[in-house]
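Visitor: Fold the following.
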Amino acid sequence: MERERLYLYDTTLRDGQQTQGVQFSTSEKIAIARALDALGVDYIEGGWPGANPTDSEFFDARPETRAVFTAFGMTKRAGRSAANDDVLAAVMNAGTPAVCLVGKTHDFHVTTALGIPLEENLAAIRESVAHVVAQGREALFDAEHFFDGYKANPGYALDCLRAAHEAGARWIVLCDTNGGTLPGEVGAITRAVIEAGIPGERLGIHCHDDTGNAVAGSLAAVDAGARQIQGTLNGLGERCGNANLTSLIPTLSLKEPYASAFETGITAGALAGLVRVSRQLDDILNRVPLRSAPYVGASAFAHKAGLHASAILKDPSTYEHIDPALVGNSRVIPMSNQAGQSNLRARLASAGIEVPAGDARLARILEVVKEREDQGYAYDGAQASFELLAREELGLMPRFFEVKRYRVTVERRKNRYDRMVSVSEAVVVVKIGKTKVLSVSESMDETGTDRGPVNALAKALGKDLGPYQSSIDDMKLVDFKVRITQGGTEAVTRVIIDSEDGQGRRWSTVGVSANIVDASFSALLDAINWKLIRDGAVPAQ
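Guide: Numbers count the residues shown, from 1 in each chain. Okay, here's the model as predicted:
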């Protein structure tokens, strides 16, 4: 059966930028646009030219893409012609092959927000879309508040769509702007639009996630006949976000009936890089990736229960709806004081360590895990530290280097601008083979923000590890979590550090101590040792 073409429209750079606390720089927009293009989306909406300096600068510097680059704007304003509206002119002057114009389709918004007659709004839609088409651009009409408008006045909402369609719009996008329309309603109204004469192959869907149904609503529109889906990476967007493309893309590519019925621009190779693209965006935003995110989250294929792990060993499909490698993710068998030997053997096997069932060392590893978790460790969230513990018990832990001593001091002093800043200085002495190496590092932010003693220790420890330096140069700390596990005079601090390397690999390590610096340093050591093992480093003689 020949598959229908389904088009993916990304609005991360425009609608995603409306997320509270998100503001992309021009260079960040360029990096995201290139990642989206490599992923294979069909349209990249770059922003609103003229709305702010960054968007205007970005359109001047935008990269060449296979995807259709799109500028966003609004229909002409009352009292102006489309040719003489300076706001519309700024959008057209961006020179993009496609232009998406937002217009009102809810009568309440036309009379209340715009304060113009309903017929004048229809004329604005018609004339604006015709103006875009006359200039040789692909025109898209964003039907704002369409679902609410249809429920209030279906005749007028449809008239707005007809005005855009008759003026030559390639796509008419049905927008659930307030995010309150449920999937059943989205499907029924989309079908009604098609029955009213707007072809499904000209319809798009744009859902917001205010009820947690943006992905489901988008799929309902596709089921009803729409053939373009708009969304954002990681579900960025105003309020609760937009339809999440990192959930929609693998669903469309791997799940029936969509995989057999539709073709998208996402290849199998690009799909295998989805986790990397998702985390690249989080890195740009300086955000910790959501562990529970479908498909791409670190916990999306984590199996903690012993019953699950036992079944996974026999056949992964028992508790996995897809092979995690298809989206660039990996299986995780967490270890905790609830674990049994099935979890343990599965976790060791994923690290390339095969131990036969019934081996007495397995029981010893489980005993150590339970003892250490009683002391405050948490291995279900620090798999790399668990692997090192298991290697130690199995006699498989290489000795790359030995820390002879370390010291960290924090000083409060004035900087050159006569502002008080905190400066952390760390000294670390390690022995590599027969050679001792002393490294010193300072951590200070000239703006007065203290980056702290842990950052200073990390910089010192990673400054000079001799033959191992090439393995750790691309390491960076991406998250640092501290928890006090007991109160009072016996308080114990648990530190979990998330690290990442240049290949996009992420791993977590844990340290526990009454002293937060000791706990942090222990987690740092584990992070480096795990990386050296993964890179196949050979211990120095």
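
Visitor: other SSEs contacting the host helix or strand of residue 442?
Guide: Assigned by DSSP states H and E, residue 442 belongs to strand 435-443. Applying 3 or more Cβ pairs under 8 Å, 6 or more residues apart in numbering; DSSP states H and E, one finds that strand 435-443 makes contact with strand 420-432, helix 452-461. In this view, the C-beta of every residue, glycine as well, is placed from N, C-alpha and C.

Visitor: how about the CA coordinates for the helix or strand where residue 409 lies, as PDB?
Guide: Assigned by DSSP H and E, residue 409 falls within strand 402-414. Only the C-alpha atoms of strand 402-414 are listed here, as PDB (Å, rounded to 0.1, in the frame of the first residue of the first chain):
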ATOM      1  CA  GLU A 402      45.300   7.400  43.000                       C
ATOM      2  CA  VAL A 403      44.300  10.600  44.700                       C
ATOM      3  CA  LYS A 404      46.900  11.300  47.300                       C
ATOM      4  CA  ARG A 405      45.400  14.400  48.700                       C
ATOM      5  CA  TYR A 406      43.100  17.400  47.900                       C
ATOM      6  CA  ARG A 407      42.200  20.700  49.400                       C
ATOM      7  CA  VAL A 408      39.600  23.300  48.600                       C
ATOM      8  CA  THR A 409      39.300  26.800  50.100                       C
ATOM      9  CA  VAL A 410      36.600  29.500  49.700                       C
ATOM     10  CA  GLU A 411      37.500  33.200  50.000                       C
ATOM     11  CA  ARG A 412      35.200  36.200  49.900                       C
ATOM     12  CA  ARG A 413      37.000  39.200  48.400                       C
ATOM     13  CA  LYS A 414      36.500  42.300  46.200                       C
END
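
Visitor: could you check the angle helix 452-461 makes with that strand?
Guide: Using axes from the mean of the first three to the mean of the last three Cα atoms, to 10 degrees, one finds that strand 402-414 and helix 452-461 are set 130 degrees apart in direction.

Visitor: Only the buried residues of the longest helix seen in the chain, if you could.
Guide: The residue-count maximum for a helix in the chain (DSSP state H) belongs to helix 516-534. For helix 516-534, a neighbour-count test (16 or more other Cβ atoms under 10 Å) marks 516-517, 519-534 as buried.

Visitor: Also stretch 254-264?
Guide: Judged by neighbour count (16+ other Cβ under 10 Å), stretch 254-264 contains these buried residues: 254, 258, 262, 264.

Visitor: same deal with stretch 33-45?
Guide: Judged by neighbour count (16+ other Cβ under 10 Å), stretch 33-45 contains these buried residues: 33, 35, 36, 37, 38, 39, 40, 41, 42, 43, 44, 45.

Visitor: Pull the contacting residues for the closest residue to residue 330 other than its chain neighbours.
Guide: Distances taken as Cβ to Cβ, 6 or more residues apart in numbering put residue 324 closest to residue 330, at 5.5 Å, once the chain neighbours are dropped. By Cβ atoms under 8 Å, 6 or more residues apart in numbering, the contact list for residue 324 reads 300, 301, 330, 331.

Visitor: Would you state the helices of the stretch 51-200 of the chain in chain order?
Guide: Ranges of helices in the stretch 51-200 of the chain, per DSSP state H, counting those that start in this stretch, are 53-61, 86-92, 107-109, 118-134, 146-152, 154-166, 183-195.

Visitor: and the angle from the longest one to helix 154-166?
Guide: This means helix 118-134. Helix 118-134 and helix 154-166 meet at an angle of 20 degrees, taking the same axes, to 10 degrees as the criterion.

Visitor: Please list the residues outside the strand holding residue 409 that contact it.
Guide: By Cβ under 8 Å, 6+ apart, the residues outside strand 402-414 that reach it are 420-431, 436, 450, 452-453, 456-457, 460-461, 517, 521, 525.
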